[in-house]
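Engineer: Take a look and give me a structure for this.
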Amino acid sequence: MSRDLDHTPDSAPEPVPDTVRAWNDTATDYPRDATVPQLFAEQARAHPDRAAVEWNGGCWNYRELFARVRRAAAHLRSRGVADGDTVAVLLRRSPEAVVAILAVLEAGCAYLPLDPGDPADRLETVLTGAGVRHCVTAPGTAPEPVRDHCAQITTDDLSGHPLPDPGDRWGQDRRATDPAYVIYTSGSTGTPKGVVCPHRGPVRLVKNTDWLQLEPTDRLLATTALTFDISCLELFGPLLNGACLVLPEPETLLSADALGTVLRERRISVLWLSAGLFHQHAEDNPRMFGSLRALIAGGDALNPSAVRAVLRHGRPELLINGYGPTEASSLVTAYHVEELAPHAETVPIGRPIANATAYVVREDGRLAAPCEDGELWVGGDGIACGYLGDADRTAEVFVPDRFGGDPDARLYRTGDVARRRRDGVLEYRGRRDRQVKLRGYRVELDEIELTLARHREVREAAVDVLGDGPGQHLAAAAVPAPDIPAEGLSRRLTAYARDRLPPYMVPTRIATVTEIPLKPSGKIDRDRFLELVAQQSGRPHTGGEPPRGAAEEAVAGIWTRLLGLDQVGREDEFFAVGGTSLHATQVVTAVRDRLDLPPGSGRALIRELLDGPSLSAFTARATALRDGAGTEDTVDFAAESRLDARLRFDARPAATATPPRSVLLTGGTGFLGVHLIDQLVDAGVRRVHCLTRADDRDTARARLAARMRLYGLDPSCCDDRLVPVPGSLEAPRFGLSPAAWDELARETDLVVHAGAQVNFAYPYEALAPVNVTGTRTVLELAAAHHLKPVHHISTVAVLAGSGAAGVRHLGEDAPLAHPDKISQGYPETKWVAERLLARAAERGLPVAVHRPHEVTGTRRRGVWNTDTLMCALFRTIAETGIAPDLPLPLDFVPVDYTAQAVVHILTHEKPDGRTYHLTNPRPARLPLLTSRLRAMGYPVETLSHDTWLNRIRALVARHPDHPIAPYLPMSADTPEEPEQAVRDLYLTGAVPALDRTNTARAVDDSGIDCPPVDAALIDLYLGYFRDSGFLEPPRRKE
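Structural biologist: Residues are numbered from 1 along each chain as shown. So this is what the prediction gives:
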């Protein structure tokens, strides 16, 4: 049974009441097929001497502005910009930015606005995701990501180009449906989303519209950043209607007195304010708005009291509440506020504006009744083309219009909850998800939570918006990981967030708490949350005592360079100043080379860094290694794999049933885990208990559902079978109460242990609490009340030691050996876990061990967990154009096949201690991947392994957040015997040949098909990577 989500809802026409149809009958006559540069040129010809752009100290009329735009466009074309390219504009609001944007459009391209204040990591993500080749910047201001990825074009370059001939025209084939701009908004997965909007979007917003028609006599004051979608209204509204765009000084907007002076002295007639600024100025000086022809406010829910203050003391001719997402080219509905009832708790968002539609839709996909809440779906000529490089997400939220008469029309599912009054006016009711508007920016709270939760010292994090009106701010609470002291964590997390998030997404306060306060529904208890956060505030790093001595100064130089710091004090801690496990390998490699440390020291240094040392403590450890101190804390594998003598497996066995009635699954939120849930339910298991890191069942269920949706599975199919168990593998008895532990032990018939902490930078002792202690707890549960078979999901990485020892062929049931030659923390913990299972089997526990090779994307759609070494390798080869000359095995086992095979074995085979190698009977080698990349247009050169590895190390030094970075610890050290490195398993193909007799006997004749690793499978995966944005499309040849 397949549960892949079909992201395209049923497109069959839906009956629409006459009233709803009438409210959405908004078509008007406007230049629907014109592009922005065509309409701007018309205004320049019609009104050449009229003021076009004014700023403090200057003014250009339409003739002058058009000439500057033409010069700049000609220069862009001379620099290799071609029709349809996306050109970044890294400028603040300024006359030069206006020229740059119009020039990009005039040159036949789309513009991508970037904020010069954004962190380098975000700029890197956006630039690589958008595939930008050219960026317009102010002279001398280009940050490193721009220098790395783009040809830089300065505003001086644009202004200095000769005026082209009138006959020189570009982009003549551009259509109204072609992209005009790309605006990135924050993403719920932790990655920003690029919204691609066509020319028709802003044109329908400002030309011949019914909600606000700008006149040539109007003067509009621009107030928003270019990266905010409403800047299109501010820019194109006046310039496509012969009006004047006025640019204020940035500080003007922060003071009610200063803004009032500008409105009066510059004779402003039209003003847009974000809800935050509107609330602030309506409280401070509402009278300033009385001279305006139109005041538009939006971007968030308006406060009725602020609206009443403006109506009472400074009513403009038109006061408009505007609503619309970036995905619909800014505005979709508008409400002209004439009066507001004293008891009104909200300000309506109105009806659809000209050439827009809006429907309130119930959960079942049908139209909501009047006054019934539902999700707001919007449509019309402003709908975006979609998300750049994310076909799946685009298909999920841009759906066929089943309510209108156009079979080609689409609707955007906003995620906003609304209701339609009986008079057709819409009221905004809130968000369906965790997306909020703050100071005019769209912010995904989940993105911030995910970022904080990635910190190694954090077990769980929660973020919310606290305060009202101008005092609204982001606040966060973090639960420290086990054995992590709370002291100093707030400060370290603040620094961590600042390196990874735009300024408006960095929480003002971060409290450290023992648990996140939640309501029974699983939502944050805002009152308790506020109390906790108010007690603490994160303070940014302020530096300290400077380094002492040559060694500390050398290490400090490495930290500052790799972590992007100006300076670092000797008592500053690695993670407090922004260090991550991703940086650990780069720091260790640089320190080892700089201080001339002996071979084999890398692992000890990484272990030291993961303890979060101060600069002085880390330097002391490094110099001790240089002076002959021991380099390794050897793992005592015999002791680690010793089973408690008191643990007996002589209880009565569980009642036999096929399939088992009740299964405990660990690791259910993982890539394989969610597919195991799907297959267990499909096999007829009545209850699947999922141990999930969460505080309560509602939160655990939400996490499981989110992960299933992430990987293309429908959680609703499992709702009645899924039993979330909030807890954690490393805690004694999973952190359950005695009653909950006893209940779980009584109800469980079989255990599938798929949970593990996978990290290629962490040493054994950092991973053992989850991977080893967690396995001991699984065995304890298996022995409690009645005997429960355990199916353990392991990895072929446990065989790395045998490969290093020269073993070239291994049967499935061969005893584990040579753990001392693995030399890497994760497979060491999995080796110990397997030994614990083997000892339990010797005492009578029914056990089966499943060792998958490379778990890869699904067979039908190619959906893959891209946070793996193999995916990082795919991307690195495609991006760099170089590949190692190695016979690396491509032993791919699609995740849905793997899950099917495991569930088939546990329902059809006796768990008698056998091991199953879940490998592909028809694997391939790395040259197949490089040949398919070349076939798709990616040039790839083959290099020797050492040359390739040195190039990749250099790449990671420049880009510490590159996907390959977490896996360099495999090669960060140089053992005295190089053949002992775990890289032999992953990066040289020296893994023993693996027998799969048990698997073949159990699965091969079951009808469960493992596709060969051939061109078709590789192309499927590469297509998914490209369409999802993980891989950039191959660059066109110049």
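Engineer: residues contacting residue 137?
Structural biologist: Contacts here follow C-beta atoms under 8 Å, 6 or more residues apart in numbering; on that basis residue 137 touches 90, 91, 116, 146, 152, 153, 154, 155. In short, each C-beta sits where N, CA and C put it, glycine included.
Engineer: Identify those among these that sit within helices.
Structural biologist: 146, 155 (DSSP state H).
Engineer: And the next helix or strand past the lowest-mean-pLDDT helix or strand in the chain?
Structural biologist: Lowest mean confidence among the helices and strands of the chain (mean pLDDT, DSSP states H and E): helix 983-986, at a mean of 45. Stepping forward along the backbone from helix 983-986, the first helix or strand reached (DSSP states H and E) is strand 993-994.
Engineer: circling back: what's the ChimeraX syntax to select whichever of the contacts of residue 137 are buried?
Structural biologist: If you want just the buried ones from these in ChimeraX, going by 16 or more other C-beta atoms under 10 Å, the selection is:
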select :90,91,146,152,153,154,155
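Engineer: Let's have the contacts of residue 137 in JSON lines, adding distance to residue 1013 and pLDDT.
Structural biologist: Formatted as JSON lines, the contacts of residue 137 follow (distance: C-beta to C-beta, whole Å; pLDDT from 0 to 100):
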{"residue": "90", "distance to residue 1013": "42", "pLDDT": "96"}
{"residue": "91", "distance to residue 1013": "48", "pLDDT": "96"}
{"residue": "116", "distance to residue 1013": "46", "pLDDT": "90"}
{"residue": "146", "distance to residue 1013": "39", "pLDDT": "90"}
{"residue": "152", "distance to residue 1013": "42", "pLDDT": "93"}
{"residue": "153", "distance to residue 1013": "44", "pLDDT": "95"}
{"residue": "154", "distance to residue 1013": "48", "pLDDT": "95"}
{"residue": "155", "distance to residue 1013": "51", "pLDDT": "95"}
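Engineer: With distance to residue 51 as new columns, can the contacts of residue 137 be given to me in CSV?
Structural biologist: Listed next are these as CSV, based on distance: C-beta to C-beta, whole Å:
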residue, distance to residue 51
90, 27
91, 21
116, 27
146, 33
152, 32
153, 27
154, 26
155, 21
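Engineer: bridging residues for the closest residue to residue 430 other than its chain neighbours?
Structural biologist: Distance criterion C-beta to C-beta, 6 or more residues apart in numbering; nearest residue to residue 430, sequence neighbours excluded, is residue 417 at 5.1 Å. For residue 417, the beta-bridge partners are residue 375, residue 430 (DSSP bridges).
Engineer: looking at this, residue 511 is in a helix?
Structural biologist: No - assignment of residue 511 by DSSP: H, G, I helix; E, B strand; the rest coil gives strand, placing it outside any helix.
Engineer: Relative to residue 174, how far out is it?
Structural biologist: According to C-beta to C-beta, to the nearest Å, residue 511 stands 51 Å off from residue 174.
Engineer: Now residue 157: closest residue in space that isn't a chain neighbour?
Structural biologist: residue 75 (5.8 Å).
Engineer: Residue 422: what's it in contact with?
Structural biologist: Residues in contact with residue 422 (C-beta under 8 Å, 6+ apart) are 370, 371.
Engineer: swap that for residue 221, sorry
Structural biologist: 246, 248, 262, 263, 266, 268, 270, 271.
Engineer: By neighbour count, which of those residues wins?
Structural biologist: Within these, most neighbours by other C-beta atoms under 10 Å means residue 271, with 27 neighbours.
Engineer: show me where the stretch 351-500 of the chain has helices.
Structural biologist: With DSSP state H, counting those that start in this stretch as the criterion, the stretch 351-500 of the chain has helices at 391-397, 445-453, 489-500.
Engineer: Throw these into a markdown table and include mean neighbour count, thanks.
Structural biologist: Output for the helices of the stretch 351-500 of the chain, formatted as a markdown table (neighbours: other C-beta atoms under 10 Å):
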| stretch | mean neighbour count |
| --- | --- |
| helix 391-397 | 18 |
| helix 445-453 | 21 |
| helix 489-500 | 23 |
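Engineer: need the least confident one among the ones you listed, by mean pLDDT.
Structural biologist: Lowest mean pLDDT within those: helix 445-453, at a mean of 77.
Engineer: Report all helices and strands that it contacts.
Structural biologist: strand 458-466, strand 473-480, helix 489-500 (3 or more C-beta pairs under 8 Å, 6 or more residues apart in numbering; DSSP states H and E).
Engineer: Let's have those in CSV, adding distance to residue 943.
Structural biologist: Listed next are these as CSV, based on distance: least, C-beta to C-beta, whole Å:
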stretch, distance to residue 943
strand 458-466, 39
strand 473-480, 43
helix 489-500, 32
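Engineer: for these, which one sits closest to residue 686?
Structural biologist: Nearest to residue 686, of all these, is strand 458-466, at 30.1 Å by C-beta to C-beta.
Engineer: Also compute the angle for that closest one relative to helix 489-500, please.
Structural biologist: Per axes from the mean of the first three to the mean of the last three C-alpha atoms, to 10 degrees, the angle that strand 458-466 makes with helix 489-500 is 80 degrees.
Engineer: strands paired with strand 458-466, and their directions?
Structural biologist: Next to strand 458-466 in the sheet, as set by DSSP bridges, lie strand 473-480 (antiparallel).
Engineer: Excluding its own residues, what touches the strand it pairs with? List them.
Structural biologist: Here strand 473-480 has contacts from 438, 443, 448-449, 452, 455, 457-467, 486, 489-490, 493, 505-517, 529-530, 532-533, using C-beta under 8 Å, 6+ apart.
Engineer: tell me which residues of that strand are tucked away?
Structural biologist: 474, 475, 476, 477, 478, 479, 480.
Engineer: Kindly report the same for stretch 333-353.
Structural biologist: Residues 333, 334, 335, 337, 340, 347, 348, 349, 350, 351, 352, 353 are the ones in stretch 333-353 that count as buried (16+ other C-beta under 10 Å).
Engineer: same check, this time on stretch 1006-1014
Structural biologist: Using 16+ other C-beta under 10 Å as the test for burial, stretch 1006-1014 gives 1008, 1010, 1013.
Engineer: Sweet, I'm off.
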